[in-house]
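**Q** Sharing a model that was predicted from the sequence below.
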Amino acid sequence: MAQMDRRYQVAGTATREVGRVDEGLRSYMLGVYNYMAAGVALTGAVAYGLFHMLTTTDRALAAAQLKNGIMLTEAGKALYTSPLMWVVALAPLAFIFLIGFRAHKMSLSGAQLTFWAFAAVMGASLSSIFLRYTGASITQMFFVTAAAFSALSLWGYTTRKDLTGWGSFLFMGVVGIIIAGLVNIFLQSSALQFAVSAIGVLVFAGLTAYDTQRIKDEYYLVAGDAVAAGKAAIFGALSLYLDFVNMFVSLLQLFGSRE
């Protein structure tokens with residue numbers, strides 16, 4: 001009888017431990033998704049706000065249906081038509097390299113500040129899409145991306161398949177996309193741009209599932225350390241944020257309606 005009591009005690013303790021882990025994991029992942037969603041919202045607000053600050057609408061041109069009457073201000077011309085546009089366009093890439101070198105040295109508050117700064121810089125970089133694509137297609141591709149991202153991330157979270165082996169392959173795909181994109185700045189090849197965008201959709205779709213599983217697994221390494229868990233959640237959110245934004249841009253380049 002005493003043995004049975006001990007077994008029930010052990011079983012009850014194990015059940016409570018599992019419950020605490022599950023609750024902690026849910027809270028951790030919710031924090032990751034909240035950071036990621038807030039980052040996407042900040043990027044969108046900065047992109048849309050900067051576009052409206054740097055453009056003006058001429059009613060005469062609008063009546064003539066010439067590019068919807070949108071004209072660049074002097075500041076807009078400096079940002080979108082001068083060499084400064086390359087600085088703004090490539091700033092997020094430089095930011096990523098900086099984060100990669102400094103991530104392990106950052107404090108929790110420093111990691112948070114870096115995440116918000118990066119989201120704002122990405123917004124400035126993406127503001128030019130409002131010049132090149134219609135508002136309707138931007139909205140449509142955003143919701144398509146959100147639906148695809150949600151499904152892929154849910155699969156990555158729930159699947160029992162080990163996705164660890166995808167990491168190196170997907171990383172090589174990202175490197176290839178970056179190199180091809182930089183080369184195409186000079187070539188201006190529509191065929192290469194189409195190939196880069198199509199591959200980008202596949203690579204960042206795979207990364208969404210892979211990163212979700214990786215972030216989930218990392219929780220068990222940092223659970224119990226509030227600071228480490230906080231930093232892991234921020235950098236996990238950054239990974240998913242990049243997957244979302246890059247998948248959105250790739251889809252927009254493939255299917256977006258140009259102005």
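**A** Cool, the structure landed.

**Q** use CA for all of it now, contacts and neighbours both
**A** Fine.

**Q** okay, now the nearest residue to G173 once chain neighbours are set aside: neighbour count?
**A** Once flanking residues are discounted, G173 sits nearest to V203: 6.4 Å by CA to CA, 6 or more residues apart in numbering. The number of residues packed near V203 is 21, by other CA atoms under 10 Å.

**Q** quick one: average pLDDT of the helix or strand hosting V203?
**A** Element membership for V203, per DSSP states H and E: helix 190-222. Helix 190-222 shows a mean pLDDT of 94.

**Q** where are the low-confidence patches of the chain?
**A** Within the chain, the segments meeting pLDDT under 70 span 1-21, 58-69, 259.

**Q** Now the helix or strand hosting A111: buried residues?
**A** Per DSSP H and E, A111 falls inside helix 108-126. With burial defined by 16 or more other CA atoms under 10 Å, the residues of helix 108-126 counted as buried are 108, 111-112, 114-126.

**Q** which residues touch L79?
**A** Contact analysis of L79 by CA atoms under 8 Å, 6 or more residues apart in numbering lists 85, 88.

**Q** same thing but at 10 Å, please
**A** 54, 72-73, 85-89, 124-125, 128 (CA atoms under 10 Å, 6 or more residues apart in numbering).

**Q** As JSON lines, the residues you listed with distance to L154 and secondary structure would be great.
**A** Shown next, in JSON lines, are the contacts of L79 (distance: CA to CA, whole Å; DSSP: H, G, I helix; E, B strand; the rest coil):
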{"residue": "L54", "distance to L154": "39", "secondary structure": "coil"}
{"residue": "L72", "distance to L154": "42", "secondary structure": "strand"}
{"residue": "T73", "distance to L154": "44", "secondary structure": "coil"}
{"residue": "M85", "distance to L154": "37", "secondary structure": "helix"}
{"residue": "W86", "distance to L154": "36", "secondary structure": "helix"}
{"residue": "V87", "distance to L154": "36", "secondary structure": "helix"}
{"residue": "V88", "distance to L154": "33", "secondary structure": "helix"}
{"residue": "A89", "distance to L154": "31", "secondary structure": "helix"}
{"residue": "A124", "distance to L154": "30", "secondary structure": "helix"}
{"residue": "S125", "distance to L154": "29", "secondary structure": "helix"}
{"residue": "S128", "distance to L154": "31", "secondary structure": "coil"}
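
**Q** of all these, which comes closest to V245?
**A** S125 (11.6 Å; CA to CA).

**Q** Verify the contact between that closest one and A91 for me.
**A** Yes - applying CA atoms under 10 Å, one finds S125 in contact with A91, separated by 7.5 Å.

**Q** overlap in contacts of those two?
**A** M85.

**Q** contacts for the one helix or strand I96 maps to?
**A** Using DSSP H and E, I96 sits in helix 84-102. Helix 84-102 is contacted from outside by 76-80, 103, 105-106, 111, 114-115, 117-128, 178, 182, 185, 235, 238, 242, using CA under 10 Å, 6+ apart.

**Q** report the angle between the axes of that helix and helix 108-126?
**A** 160 degrees (axes from the mean of the first three to the mean of the last three CA atoms, to 10 degrees).
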